[in-house]
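> Here you go, sequence then predicted model.
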Amino acid sequence: MLSAKFNGCTALSDFTTASPPDAAFGSCYVVSCGELILDSVLLRVYTYKMLPTQCLCTNLRRAARGVSKHYDGALDGFGINVAQYSLLSNLKRLDQPSISSLAEAMGLDRSTLGRNLRVLEGAGLVKLTEGADQRNRLVCLTAAGDERLKAALPAWEAAQQRLMDRLGEEKRTQLLQLLDELAGSD
């Protein structure tokens with residue numbers, strides 16, 4: 001039974017069935033009410049513009065956007081988003097890496113990382129310095145970047161805990177294993 005209210009519908013009986021049970025998911029019903037669609041087994045909510053799909057890429061991208069939005073909301077008051085937080089965090093862990101080694105560690109190409117670094121450099125959170133040779137630039141976390149990272153850590157930890165609580169330990173472990181497997185695919 002649903003306790004949340006979706007577009008004026010307050011009970012499962014208020015919903016109209018959009019599709020019959022799917023044998024692959026047991027007693028799965030996809031139900032709709034107003035402008036929302038609720039998949040009762042997978043507990044995903046879609047708008048009519050965001051239709052259910054079996055495409056793994058589409059579902060992973062949707063999930064990534066939803067998770068990013070969750071963390072971005074938690075970090076909203078700190079002037080950084082979750083991608084920037086991740087970059088600052090990895091930068092601190094690696095202690096003055098080259099752009100190439102930071103890009104590799106984060107799974108980003110150098111041009112994407114460079115664009116992200118310019119934003120953080122403009123905000124005074126990182127600085128780029130010359131490495132041992134002129135072709136190799138190092139990325140340094142500034143004192144302001146370190147302070148911002150420390151200030152945002154409790155908000156990031158709270159967002160992380162909310163997602164972990166929502167998934168539970170077993171699903172969290174499975175998700176991390178699946179994501180690692182997919183990240184290594186060709």
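Received it, and whenever you're ready, just let me know what you need.

> Where does the prediction get shaky in the protein?
1-49, 134, 185-186 (pLDDT under 70).

> Now the residue lying closest to Met50 once chain neighbours are set aside: which helix or strand?
In this structure, Met50 finds its nearest non-sequential neighbour in Arg62, 7.0 Å apart by CB to CB, 6 or more residues apart in numbering. C-betas here are computed from N, CA, C, even on glycine. Secondary-structure assignment from DSSP states H and E places Arg62 in helix 56-75.

> gap between the residue nearest to His70 when sequence neighbours are not counted and Leu88?
Nearest non-adjacent residue to His70, counting by CB to CB, 6+ apart: Ala159, 5.9 Å away. Using CB to CB, to the nearest Å, we find Ala159 at a distance of 15 Å from Leu88.

> Over to Val67?
On the measure of CB to CB, Val67 and Leu88 end up 18 Å apart.

> which SSE is Thr129 in?
Counting by DSSP H and E, Thr129 is found in strand 126-130.

> what comes up buried for that strand?
Val126 (16 or more other CB atoms under 10 Å).

> State the helix or strand in which Glu171 lies.
Quick fix: residue 171 reads Lys, not Glu. Going by DSSP H and E, Lys171 is in helix 169-183.

> Now do that helix: distance to the chain's middle.
14 Å (CA atoms, centre = their mean, to the nearest Å).

> Please apply the same query to stretch 177-186.
So, by CA atoms, centre = their mean, the centroid of stretch 177-186 is 16 Å from its chain's centroid.

> and what of stretch 86-98?
With CA atoms, centre = their mean, you get 19 Å for stretch 86-98.

> Next: stretch 155-166.
With CA atoms, centre = their mean, you get 12 Å for stretch 155-166.

> For that stretch, give me every contacting residue.
With CB atoms under 8 Å, 6 or more residues apart in numbering as the test, stretch 155-166 has contacts from Val67, His70, Tyr71, Gly73, Ala74, Leu75, Gly77, Phe78, Val82, Tyr85, Arg172.
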